[in-house]
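Novice: structure, please.
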Amino acid sequence: MRLILARIFPLAAVIGKTAGIPCWMMSNFGWDFIYQARSEFIEIAEWISDCYSQCDRLFRLPFL
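Specialist: As a prediction, this is how the structure comes out:
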């Protein structure tokens, strides 16, 4: 079985989806969360969020 395990790289999910390889992601934050706080980066935050939505599994770790 092939699997992509990515930490927070948004394009990993898109690459996995395009290649037909499952993509699991893990992190305690996402770049979409970081960028959405700034109004000039809203479009980028939405694009990143769309990328993240294409992953097959998301493991959200506690933010310590």
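
Novice: so what's Phe59 bridging to?
Specialist: In this structure, Phe59 bridges to Met26 when assessed by DSSP bridges.

Novice: what distance do you get for it to Ala13?
Specialist: Separation of Phe59 from Ala13 (CB to CB, to the nearest Å) stands at 13 Å. C-beta coordinates here come from the backbone N, C-alpha and C atoms, glycine included.

Novice: mutual contacts of these two, please.
Specialist: Met25 (CB atoms under 8 Å, 6 or more residues apart in numbering).

Novice: more neighbours, the two?
Specialist: Ala13 (22 against 11; other CB atoms under 10 Å).

Novice: and the more buried one, how far from Glu40?
Specialist: The value you get for Ala13 to Glu40, if CB to CB is used, is 24 Å.

Novice: any idea how far Ile4 lies from Lys17?
Specialist: Remark: distance between Ile4 and Lys17 (CB to CB) = 10 Å.

Novice: intersection of neighbour lists for these two?
Specialist: Joint contacts of Ile4 and Lys17 (CB under 8 Å, 6+ apart) are Cys23.

Novice: quick check: Ile44 touching Ala37?
Specialist: No. Using CB atoms under 8 Å, Ile44 is not in contact with Ala37, being 11.8 Å away.

Novice: which one of these two has more residues nearby?
Specialist: Taking neighbours as other CB under 10 Å, Ile44 and Ala37 compare with Ile44 leading, 16 against 9.

Novice: contacting residues around the more buried one?
Specialist: Tyr35.

Novice: and the host helix or strand of it, how far out from the chain's middle?
Specialist: Using DSSP states H and E, Ile44 maps to helix 42-52. In terms of CA atoms, centre = their mean, to the nearest Å, the centre of helix 42-52 is found 9 Å from the chain centre.
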